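In: with the input below, show me the fold.
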Amino acid sequence: MSEIYTITSQRSDRVFIHVMRGHFISSNNHINYYVGTSDVKHNHNVSVDAAMLLAEYYNNTMTDVDTVLCLYETQTLGAYLAHELSRPNMMRPNPDGSVYVVGSEYDAAGNLIFRDNLRRMITGKNVVILISCITSGRTVERAMESVAYYGGNTVGISSVFSMQDNIGGIEVDSIFDQSDIPGYVAYPAHNCELCRQGMPVDAISNGYGYSKL
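Out: Okay, here's the model as predicted:
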């Protein structure tokens, strides 16, 4: 793996991610860059400012949000996002009220589930799916399917970094995208150019982080 370097958001010099080049295996793909979002998820100052950036999209589009569904340890960021969406501002002087923040839980088959005490926060609600990184978009698609199964309505998708502009007909609101990491490529596991070149795998990665091999 190469050195880790920092990329700062063009909209705020206080929001940044870390990037490392190499050969990484994720749940759905092989990728040539690891995108680190730990500071956005766990550093209070960075997380607050990132939430303000993400909230701009929903305020500008006047999208009503009832619940933020947080995937892969984004609950802190989700709480700040909910705070931004629930308070008055110039675009939305009279927000509808409180916004729920719900974490993710999966069954043995990998399906996103909601316990009985949390269903009321999904059923009949306008839900924003929040995730740290989007590559293929499959994880978000499965989350959308679960929201629909429980009677919710996905009205937005927010991500710190995303390779996708649109998933299931819904625009992806992200702070960083592929233009911020020139040369970022994701390969299907069965057709990986890095594997064909004989490049060893550096680490296993997912939304929680990476583990070196």
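
In: avg pLDDT for stretch 115-130?
Out: Average pLDDT, stretch 115-130: 96.

In: mind listing what's buried in it?
Out: By neighbour count on 16 or more other C-beta atoms under 10 Å, the buried set for stretch 115-130 is L118, R119, M121, I122, K125, N126, V127, V128, I129, L130. C-betas here are computed from N, CA, C, even on glycine.

In: from those residues, which single one is nearest I17?
Out: Ranked by distance to I17 (C-beta to C-beta), those are led by L130 at 15.4 Å.

In: tell me what the one helix or strand the closest one maps to is packed against?
Out: Element membership of L130 [criterion: DSSP states H and E] is strand 126-134. Using 3 or more C-beta pairs under 8 Å, 6 or more residues apart in numbering; DSSP states H and E as the contact test, the elements touching strand 126-134 are strand 67-70, helix 75-86, helix 138-149, strand 153-162.

In: what mean pLDDT does the second one get?
Out: Pointing back at helix 75-86 there. 95.

In: just the angle for that helix relative to strand 153-162, thanks.
Out: If you take axes from the mean of the first three to the mean of the last three C-alpha atoms, to 10 degrees, helix 75-86 sits at 120 degrees to strand 153-162.

In: who's G36 bridged to?
Out: On the basis of DSSP bridges, G36 is bridged to H18.

In: mind showing which ranges of the protein have poor pLDDT?
Out: 1, 90-96 (pLDDT under 70).

In: where along it do the strands fall?
Out: Using DSSP state E, the strands of the chain run over residues 4-8, 16-25, 29-36, 67-70, 100-102, 105-106, 112-113, 126-134, 153-162, 166-167, 170-177, 186-188, 203-206, 209-212.

In: now these as JSON lines including distance to A55?
Out: As requested, these are exported to JSON lines (distance: least, C-beta to C-beta, whole Å):
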{"stretch": "strand 4-8", "distance to A55": "19"}
{"stretch": "strand 16-25", "distance to A55": "18"}
{"stretch": "strand 29-36", "distance to A55": "22"}
{"stretch": "strand 67-70", "distance to A55": "10"}
{"stretch": "strand 100-102", "distance to A55": "13"}
{"stretch": "strand 105-106", "distance to A55": "25"}
{"stretch": "strand 112-113", "distance to A55": "24"}
{"stretch": "strand 126-134", "distance to A55": "10"}
{"stretch": "strand 153-162", "distance to A55": "9"}
{"stretch": "strand 166-167", "distance to A55": "20"}
{"stretch": "strand 170-177", "distance to A55": "9"}
{"stretch": "strand 186-188", "distance to A55": "28"}
{"stretch": "strand 203-206", "distance to A55": "26"}
{"stretch": "strand 209-212", "distance to A55": "26"}
